[in-house]
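>>> Coordinates for the following, if possible.
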Amino acid sequence: MSKEQPNKQHKPKTKIIFCTAYSDYALDAYNVNAVGYLLKPITEKQIREKLKQLDEVLSAPVFVSQNKSFFVNSWG
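Coordinates of the predicted model:
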C-alpha cells in the first residue's frame, strides 16, 4: 500500500469510505476493509446512503467471544 493510501495500522477502528474517479482502487478499498466505495461523479443520494450505512456500522453492537478455541474443517 502506498503512502498516499489510507493505513489502518495506526488507527484500526478508523472507518474509510473511498471516493474516487478510478475503479482501480477497489482492491485497495477491500484490503483496508473500507465501509464504502463511491465512484465519481457522486450524487447527494449516494453520499446520504453511504453515510446511513456507516451510521449502522458504528451503532451495531460489538460481541466479544469468550471462546478461546476454534475449529477448522476443510474438504477437498
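>>> Strands of the chain, start to end?
17-20, 36-39 (DSSP state E).
>>> so how far is the first one off the chain centroid?
To tie it back to what came earlier, the one meant is strand 17-20. 11 Å (Cα atoms, centre = their mean, to the nearest Å).
>>> the longest helix in the chain is where?
helix 44-59 (DSSP state H).
>>> Report the buried residues of that one.
K50 (16 or more other Cβ atoms under 10 Å). Quick note: C-beta positions are derived from backbone N, CA and C, even for glycine.
>>> what packs against that helix?
Packing contacts for helix 44-59, counted by 3 or more Cβ pairs under 8 Å, 6 or more residues apart in numbering; DSSP states H and E, involve strand 36-39.
>>> Name the residues that touch the strand it packs on?
With Cβ atoms under 8 Å, 6 or more residues apart in numbering as the contact definition, strand 36-39 has outside contacts at 16-21, 23, 25-26, 29, 46-47, 50, 53-54.
>>> how does it look with 10 Å?
15-23, 25-26, 28-30, 46-47, 49-51, 53-54, 57 (Cβ atoms under 10 Å, 6 or more residues apart in numbering).
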